[in-house]
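> Give the three-dimensional model of this entry:
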Amino acid sequence: VMDVISRWRTRFSKWGLVGLNDEHRSGRPRTISDEQ
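Alright, predicted model coming up:
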């Protein structure tokens, strides 16, 4: 859990809120959209 928080802090300090957006991942597509 601490690794994830540290990664988020680093991304936020470098790129602000835009840095917290997840990148596209390989694998099965999401079944729930952002609107839901």
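
> what about the nearest residue to G19 once chain neighbours are set aside, which helix or strand?
The spatial neighbour of G19 that comes closest, neighbours along the chain excluded (Cβ to Cβ, 6 or more residues apart in numbering), is R11 at 3.8 Å. No exception for glycine: its C-beta is placed from N, CA and C like everyone else's. Here R11, judged by DSSP states H and E, is contained in helix 2-15.

> List the buried residues of that helix.
Buried residues in helix 2-15, counted by 16 or more other Cβ atoms under 10 Å: none are found.

> Just the C-alphas of that helix, formatted as PDB.
What follows is helix 2-15, C-alpha atoms only, in PDB (Å, rounded to 0.1, in the frame of the first residue of the first chain):
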ATOM      1  CA  MET A   2       2.800   2.400   0.800                       C
ATOM      2  CA  ASP A   3       4.400   1.800  -2.600                       C
ATOM      3  CA  VAL A   4       1.200   2.900  -4.300                       C
ATOM      4  CA  ILE A   5       0.900   6.100  -2.100                       C
ATOM      5  CA  SER A   6       4.600   6.900  -2.800                       C
ATOM      6  CA  ARG A   7       4.000   6.500  -6.500                       C
ATOM      7  CA  TRP A   8       1.000   8.700  -6.500                       C
ATOM      8  CA  ARG A   9       2.800  11.400  -4.500                       C
ATOM      9  CA  THR A  10       5.700  11.300  -7.000                       C
ATOM     10  CA  ARG A  11       3.400  11.500 -10.000                       C
ATOM     11  CA  PHE A  12       1.400  14.400  -8.500                       C
ATOM     12  CA  SER A  13       4.500  16.400  -7.700                       C
ATOM     13  CA  LYS A  14       5.800  16.000 -11.200                       C
ATOM     14  CA  TRP A  15       2.600  16.500 -13.200                       C
END
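
> low-scoring stretches of the chain, by residue?
For the chain, no stretch has pLDDT under 70.
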